[in-house]
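Asks: generate coordinates for the sequence data below:
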Amino acid sequence: MDAEDMSTQQSEPLSHKERLLRQGLKYFYDRGFHGTTVDAILEASAVPKGSFYHHFGSKEEFARAVLDRYTDFQLALLDRWANEPDLSATDRLGRYVDELVELFVRSGYRRACLAGKLSTEVAVGSDAFRGQIGASLLAWREHLAALLTQGQEGGDVRTDRTAEELATAILAVIQGTFVLCIATRDEEALKAVRSTIHLLVAPPAD
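Replies: Below is the predicted model of the structure:
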């Protein structure tokens with residue numbers, strides 16, 4: 001899920017804050033929180049140190065701002081597909097998952113979910129990070145549940161499980177598959193994500 005793709009070309013120069021956030025997305029994906037230094041971010045973004053501390057105060061505050069940026073991107077991407085008027089709920093969900101897979105492959109199997117990456121690295125040792133990462137993942141689940149509720153009302157999503165239960169299962173499948181494929185680059189596993197999710201949410205055959 002390459003969050004670099006959330007960035008659009010702009011005719012005006014980027015602000016120092018925007019340049020820092022974009023470099024933060026790249027570095028936290030590629031190097032993790034502990035492997036990323038403030039000096040490396042400053043060098044890559046060509047921003048003075050004073051500007052960094054003016055906007056963020058600390059490396060942890062900066063990482064939390066980057067996570068907010070990633071969460072906004074992820075929810076906007078899901079909502080864009082959820083609002084497609086000419087598709088069933090299951091097709092909207094499938095197209096969304098297809099785009100996640102495409103972005104992941106385009107990144108060279110390196111950039112999956114930033115919330116998941118930071119969760120395994122810093123959530124245990126930081127209550128602030130844990131709370132924010134948890135809120136990010138819960139918001140993702142809630143948006144999935146909203147889409148699934150639409151499908152249940154329209155008859156193309158199963159109703160023997162709540163939308164929240166289905167959303168939790170879908171999020172687990174997405175997270176688990178990308179973690180697996182970072183290491184294995186298993187194309188068949190990526191192909192199976194959409195079909196597996198369809199099996200999870202489609203109404204039982206009569």
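Asks: Glu99 is in contact with Ala76, isn't it?
Replies: No - with contacts counted by Cβ atoms under 8 Å, Glu99 stays clear of Ala76, the gap being 11.8 Å. Placement of C-beta: from N, CA and C, glycine included.
Asks: model confidence over the longest helix along the chain, on average?
Replies: Looking across the chain with DSSP state H, the single longest helix is helix 127-154. What helix 127-154 shows for mean pLDDT is 94.
Asks: may I ask which helix or strand of this structure has the lowest mean pLDDT?
Replies: The weakest-scoring helix or strand in the chain, judged by mean pLDDT, DSSP states H and E, is helix 114-122 (a mean of 87).
Asks: okay, that one in PDB with CA atoms only?
Replies: Listed next in PDB are the C-alpha coordinates belonging to helix 114-122 (Å, rounded to 0.1, in the frame of the first residue of the first chain):
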ATOM      1  CA  LEU A 114       2.200   1.300   7.800                       C
ATOM      2  CA  ALA A 115      -0.100   0.900  10.800                       C
ATOM      3  CA  GLY A 116       0.700  -2.800  11.000                       C
ATOM      4  CA  LYS A 117       4.400  -2.200  10.600                       C
ATOM      5  CA  LEU A 118       4.500   0.400  13.400                       C
ATOM      6  CA  SER A 119       2.300  -1.800  15.600                       C
ATOM      7  CA  THR A 120       4.800  -4.600  15.700                       C
ATOM      8  CA  GLU A 121       7.700  -2.200  16.300                       C
ATOM      9  CA  VAL A 122       6.600   0.400  18.800                       C
END
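Asks: the helices in the protein, which residues?
Replies: Going by DSSP H, the chain shows helices at 16-31, 38-45, 49-55, 59-82, 89-106, 114-122, 127-154, 163-184, 187-201.
Asks: need these in JSON lines with mean neighbour count, can you?
Replies: Listed next are the helices of the chain as JSON lines, based on neighbours: other Cβ atoms under 10 Å:
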{"stretch": "helix 16-31", "mean neighbour count": "19"}
{"stretch": "helix 38-45", "mean neighbour count": "16"}
{"stretch": "helix 49-55", "mean neighbour count": "14"}
{"stretch": "helix 59-82", "mean neighbour count": "18"}
{"stretch": "helix 89-106", "mean neighbour count": "19"}
{"stretch": "helix 114-122", "mean neighbour count": "20"}
{"stretch": "helix 127-154", "mean neighbour count": "17"}
{"stretch": "helix 163-184", "mean neighbour count": "17"}
{"stretch": "helix 187-201", "mean neighbour count": "16"}
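Asks: which of those has the lowest mean pLDDT?
Replies: helix 114-122 (a mean of 87).
Asks: for that helix, packing partners?
Replies: helix 16-31, helix 59-82, helix 127-154, helix 163-184 (3 or more Cβ pairs under 8 Å, 6 or more residues apart in numbering; DSSP states H and E).
Asks: just tell me which of those ends up closest to Thr196.
Replies: helix 163-184 (5.8 Å; Cβ to Cβ).
Asks: contacts for that closest one?
Replies: Residues outside helix 163-184 that contact it (Cβ atoms under 8 Å, 6 or more residues apart in numbering): 1, 93, 97, 100, 104, 109-110, 112-113, 116, 137, 140-142, 144-146, 148-149, 152, 157-158, 186, 189-190, 192-193, 196-197, 200-201.
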